[in-house]
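Participant: When you get a sec, could you give me coordinates for this:
(chains A and B)
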Amino acid sequence: MSKTEYILNVNGKSKNIVSSEDKPLLYILRDEFKLTGTKLGCGLEQCGSCAVLVDGCKILSCNRPAIEFVDKEITTIEGISKNDVLNEIQQSFKEFNAAQCGYCTSGIIVSLTELFNKKETPGKKEIIESLSGQLCRCGSHASVLKAINNVIKLRKNND
Amino acid sequence: MINKYKINTGASVKDYNKVSDWLSFEIPNKIKISSGKVDIGQHISTTLALICSRELGIDINSIFVNKLNTDTTPNEGITASSLSVPNSGTAIRSASIIFKKNFLDFAAKSLNLNINKINLEDGVAKDPNSNASISFWDFSKTEEFLKLSIPEIIEIEDQKNFDHSSHVETKFINSIVKGEYKFLHDLRFDDMLHARIVRPPSYFHKFLSINNAIHKYLKDHNLKLYIKNSFIAVLGNDEFEVIKSLNRIKNSIEWEQVNKLANDKIFNLIDQNSKDSLIVKRGGEAFNENIPEIKSYNNVDHKTLTSEFNKPYLMHGSIGPSASCSFYKNGKFIIYSHSQAIYALKSILSNAFNLKEKNITLHFMPGAGCYGHNGADDVTYEAALLSKEFENKYVLLKWTREDENCWEPYGSASKNKLTATLDKNNKIIYWSSEAYSDTYLTRPMVGKLEYFVSQRFINNDFKKYKVEPRTGAHMGIHRNLDPIYNFKETRLVKNLVHDLPLRTSALRTLGAFANTTATETFMDDLCIEANIDPFEFRINHLDDNRAIDLLNDLKIQMEKDEPTENGFRGIAFSRYKNSASYCAVGVELTVSDNVEVELKQAWISVDAGEVAFKEGIEAQVEGGFIQAASWSLYEQVNFDNNEILSKDWDGYKIIEFDNIPLINTSVINRVGFPYLGVGEAVAGPTGASISNALKRALGERIKSMPFSQENITKQLLG
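Facilitator: Got it, this is the predicted structure:
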């Protein structure tokens, strides 16, 4: 397959990319942008480890060609904190040690960032829907749920 | 008043008895801990730093744990069997105590001051009446420090005053939440080759030929193919091109199937196949002795019950597939691995490649969560082999999701058969328990290269290897077969079943998950028969006060919480290996009209000896609970006569956020008691408590895991 040239905007930075047309976004992020926080877990859009935000919406990056995302704002886990200041979800995960091995954590935080950007205080059903397909094998779920409840509590207190 | 007590400094100190083996002070104001235990998500780095921090009065952020490699860190064997804190934690604690004691003597002499007058803060001893001071770092430069050794028994001070309720941030959480934590998968070297294995359809497929047309494709895409007998790999600088080529290469290969994977259903095979049967005595050791028949009590004063429990093959199923990176040049290997067993791998690779051990260095780098002997060792061997063929280049080999699901060593399918007799006082006077399973112990070892999954393809040798039954206390199949209860008479039998279809080895708890589930579900059947409260019934058969305290603690926890409408509760308990942590679990669940099980509440009480890191213990038991709940409700490796079918997450369902109950964990702190490993204690009680709650919901014991809609319906409909 011939190579194509295109520009991608990731975490506020644009970069000229030359790649095959079918190369998924995940590999461009990891190889070209050197952003390895987004993980390859299955390559089948089943585990959620490769989740990133595109114009604020979660997508799974392991299969979809990067070229689909030209002229879009792509945000990876590295771009979620601004100027080294963690967002409220990252901060809460830190306070609750809401990770064990941490391989699935980027995808989970990305999913929740989308949710909390769209919903001030999401309910249980919305949280479960947001995390559907975000697999964790170490069983960090309970601490993740505590961290989420903490974010909701803080938001309610700030009302 | 400060209480003092004595502790045994443990197994690791026997081999590394110098304080400087464990602690170093090369960087001013920092302490470096060396440990041979790898951090596989169990927070061992944080726990060790915390132990050192408490003993030396140094901020935990000034303590870091050495990156583990086989050249410089203590060889503490495999990071397995819930021994990280008991071994490494006790060693670090002992080294810290000996260091501090000797430092204070040194400081008193140097400052010409009585020890009691010394003001010790942040590793600096000060004379309160002058500016004179001397620090840990000064002491570490002396000959005396290098000579400090740790005796077998040391005296320690009571740590009752430590506040375990305050939050301790785990060592890597900040970089994890920012996506900056580096896994082995993230390694990059100039001109590095990415690699994937071109797997055949099953363990029993031999390479015959490859269509020559594939070579043009490989050349056009700058890919290299490596073929050694039936072991085939593809390598290239662009990872995606390597991945993309896999199916094309597979489709161009002709394989010969030399054997069927299976010829019957697994539980039929467990019944039918040849076995090595050993008697297990109280204390948990197995012996090759005559196995008595099951006793029968047929009279009005006794009630005899039987039970059977089936567990399917379970997979580790790490979210990040196994990976390793290897570099070979001039007869030397540098290897990155996320194996639990990097010291063993060094010896094995030395033997396999005929190199001196000094020419092989393995660096541990984190992989995704590890729950036993997964694909990490296999992929390390494969990466080493490929790097030797592509000398002077780093080779980063990653398994695919299908590799991980189909080629890792599974936790064995198993069957338990039990018989017990109650006397007229509802005491169990006879207990027979038999475990049937394939091995849980095919970790790689010198001279056993066949335990690496690729070796059969490298050598085109497809005959099945036979393993011998292990006899040590609570080894694989018979782990926790010996019940902790004071039954008057027991008949315990382990059966190593041969020639079962799938590759197996150590998955978290080995046989203990099945054996504890079988024991604790049968205890529940017996208490229902006796019409006695499940807590009381268990306590009636216990002499161990810590076990009794634990059950009482669980009961109090559960009584505090309101029952859920239409919810059913079950409890279970065990002491892992009858020597590690005690753990009791309560579960409340509902069963919907279409037989879907929803976990509502869970309670865990755990006694892990003296608490080192409370949040770490909670994370381990709550994580273990969720994983074991997933095993219990959802998981089984599916296969047919020719191949494994659970190739991806659609084919191997695991628990998700929609079925996580509210979990309450109570940690009992046994000050002055040894640290007990906690990573595996919760699994067995979890499986049993779910089964026990289900029995109360359905009125019937579901005999086969997973307790899925399909399995429950099948049993209920007969």
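
Participant: Find the closest residue to chain A in chain B.
Facilitator: Among all residues of chain B, residue B:179 sits closest to chain A, at 2.1 Å; criterion: CB to the nearest CB. (Glycine included, C-beta is placed from N, CA and C.)

Participant: Just say helix, strand or coil for the residue lying closest to that residue once chain neighbours are set aside.
Facilitator: Of all residues not flanking residue B:179 in the chain, residue A:37 sits nearest, at 2.1 Å (CB to CB, 6 or more residues apart in numbering or on different chains). Per DSSP: H, G, I helix; E, B strand; the rest coil, the local secondary structure of residue A:37 is coil.

Participant: Could you check how far the residue of chain B closest to chain A is from residue A:14?
Facilitator: Residue B:179 sits 20 Å away from residue A:14, going by CB to CB, to the nearest Å.

Participant: which one of the two has more residues nearby?
Facilitator: Between residue B:179 and residue A:14, counted using other CB atoms under 10 Å in any protein chain shown, the more crowded position is residue B:179 (24 against 9).

Participant: Now do the same contact list for the residue nearest in space to the middle of chain A.
Facilitator: Among the residues of chain A, the one closest to the centroid is residue A:110, at 2.9 Å (CA atoms, centre = their mean). Contacts for residue A:110 (CB atoms under 8 Å, 6 or more residues apart in numbering or on different chains) come out as A:51, A:52, A:53, A:58, A:75, A:76, A:77, A:80.

Participant: what does the model give residue B:81 for pLDDT?
Facilitator: Note on residue B:81: pLDDT of 72.

Participant: and what of residue A:1?
Facilitator: Taking residue A:1 on its own, its pLDDT is 60.

Participant: picking that back up, write a PyMOL command that selects only the buried members of the contacts of residue A:110.
Facilitator: Here is the PyMOL command that picks out the buried ones among the contacts of residue A:110, judged by 16 or more other CB atoms under 10 Å in any protein chain shown:
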select buried, chain A and resi 51+52+53+58+75+76+77+80
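
Participant: Need phi/psi at whichever residue of chain A sits closest to chain B.
Facilitator: Per CB to the nearest CB, residue A:37 is where chain A lies closest to chain B, at 2.1 Å. Main-chain dihedrals, residue A:37, degrees, to the nearest 10: phi -70, psi -20.

Participant: cool, and residue B:121?
Facilitator: Main-chain torsions, residue B:121, degrees, to the nearest 10: phi -140, psi 130.

Participant: got it, and the one 5 residues further on?
Facilitator: Reported as degrees, to the nearest 10, the phi and psi values for residue B:126 are phi -120, psi 150.

Participant: ok, the residue of chain B closest to chain A touching residue A:30?
Facilitator: No - applying CB atoms under 8 Å, one finds residue B:179 not in contact with residue A:30, separated by 11.1 Å.

Participant: Look up the residues that both of those two are in contact with.
Facilitator: A:36, A:38.

Participant: Centre of the chain to stretch B:299-315, how far?
Facilitator: With CA atoms, centre = their mean, to the nearest Å as the basis, stretch B:299-315 stands 27 Å off its chain's centre.

Participant: Can you pull out the low-pLDDT segments for chain B?
Facilitator: Along chain B, the model assigns pLDDT under 70 to residues B:1-2, B:159-161.

Participant: Please parse it into its domains.
Facilitator: B:4-161+B:170-177, B:184-259+B:320-406, B:268-313+B:411-716 (automatic domain parsing).

Participant: Tell me which of those domains sits nearest to residue A:66.
Facilitator: domain B:184-259+B:320-406 (10.2 Å; CB to CB).

Participant: ends of the closest one, how far apart?
Facilitator: End-to-end distance for domain B:184-259+B:320-406, by CA to CA, to the nearest Å: 21 Å.

Participant: do the same with stretch A:108-128
Facilitator: Start-to-end, stretch A:108-128 (CA to CA) is 11 Å.

Participant: Over to stretch A:76-94?
Facilitator: In stretch A:76-94, first residue to last residue: 18 Å (CA to CA).

Participant: centre of the chain versus that stretch, how much separation?
Facilitator: On CA atoms, centre = their mean, the centre of stretch A:76-94 falls 11 Å from that of its chain.

Participant: Need the domains of chain B in TSV (columns: distance to residue A:88 and mean neighbour count).
Facilitator: Shown next, in TSV, are the domains of chain B (distance: least, CB to CB, whole Å; neighbours: other CB atoms under 10 Å in any protein chain shown):
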stretch	distance to residue A:88	mean neighbour count
domain B:4-161+B:170-177	11	19
domain B:184-259+B:320-406	26	20
domain B:268-313+B:411-716	19	20
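
Participant: how's chain A carved up into domains?
Facilitator: A:3-79, A:88-158.

Participant: Using TSV, lay out the domains of chain B together with distance to chain A.
Facilitator: Output for these, formatted as TSV (distance: least, CB to the nearest CB, whole Å):
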stretch	distance to chain A
domain B:4-161+B:170-177	3
domain B:184-259+B:320-406	4
domain B:268-313+B:411-716	3
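
Participant: before we move on, which element is the residue nearest to residue B:464 when sequence neighbours are not counted in?
Facilitator: Leaving aside its chain neighbours, residue B:464 sits nearest to residue B:499 (6.4 Å; criterion: CB to CB, 6+ apart). Assessed by DSSP states H and E, residue B:499 sits outside every helix and strand.

Participant: and residue B:499, what does it touch?
Facilitator: When contacts are counted by CB under 8 Å, 6+ apart, residue B:499 touches B:269, B:273, B:274, B:464.

Participant: Among these, which one sits closest to residue B:685?
Facilitator: Relative to residue B:685, and with distances defined as CB to CB, the nearest of the contacts of residue B:499 is residue B:269, at 28.7 Å.

Participant: what residues does the helix or strand harbouring the closest one touch?
Facilitator: Element membership of residue B:269, judged by DSSP H and E, is helix B:266-272. Defining contact as CB under 8 Å, 6+ apart, one finds that helix B:266-272 is touched by B:262-264, B:310, B:312-313, B:413-415, B:436-437, B:497, B:499-501, B:704.

Participant: What helices and strands are in contact with the helix or strand hosting residue B:694?
Facilitator: For residue B:694, the host element (DSSP H and E) is helix B:683-698. On a contact count with 3 or more CB pairs under 8 Å, 6 or more residues apart in numbering or on different chains; DSSP states H and E, helix B:683-698 meets helix B:512-530, strand B:568-575, strand B:582-591, strand B:597-607, helix B:614-633, helix B:709-716.

Participant: What residues sit buried inside stretch A:78-98?
Facilitator: By 16+ other CB under 10 Å, the buried positions in stretch A:78-98 come out as A:78-81, A:86-87, A:89-94, A:96-98.

Participant: Poorly predicted segments of chain A, please.
Facilitator: A:1.

Participant: hmm, 80 instead?
Facilitator: Applying pLDDT under 80 to chain A flags residues A:1, A:159.

Participant: Just want the angle from the helix of greatest length in it to helix B:614-633.
Facilitator: Longest among the helix segments of chain A by residue count, using DSSP state H, is helix A:141-158. Angle, helix A:141-158 to helix B:614-633, by axes from the mean of the first three to the mean of the last three CA atoms, to 10 degrees: 120 degrees.

Participant: Can you verify my assumption that residue B:424 contacts residue B:302?
Facilitator: Yes - proximity of residue B:424 to residue B:302 meets the contact threshold set by CB under 8 Å, at 7.4 Å.

Participant: coming back round to it: and the one helix or strand the residue nearest to the centre of chain A maps to, how far out from the chain middle?
Facilitator: For residue A:110, the host element (DSSP H and E) is helix A:105-118. Its chain's C-alpha centre and that of helix A:105-118 lie 6 Å apart, by CA atoms, centre = their mean.

Participant: And for stretch B:54-72?
Facilitator: Using CA atoms, centre = their mean, the offset of stretch B:54-72 from its chain centre is 23 Å.

Participant: and what of stretch B:388-408?
Facilitator: 23 Å.

Participant: Any idea how far apart the tips of it sit?
Facilitator: Note: stretch B:388-408 ends 23 Å apart using CA to CA.
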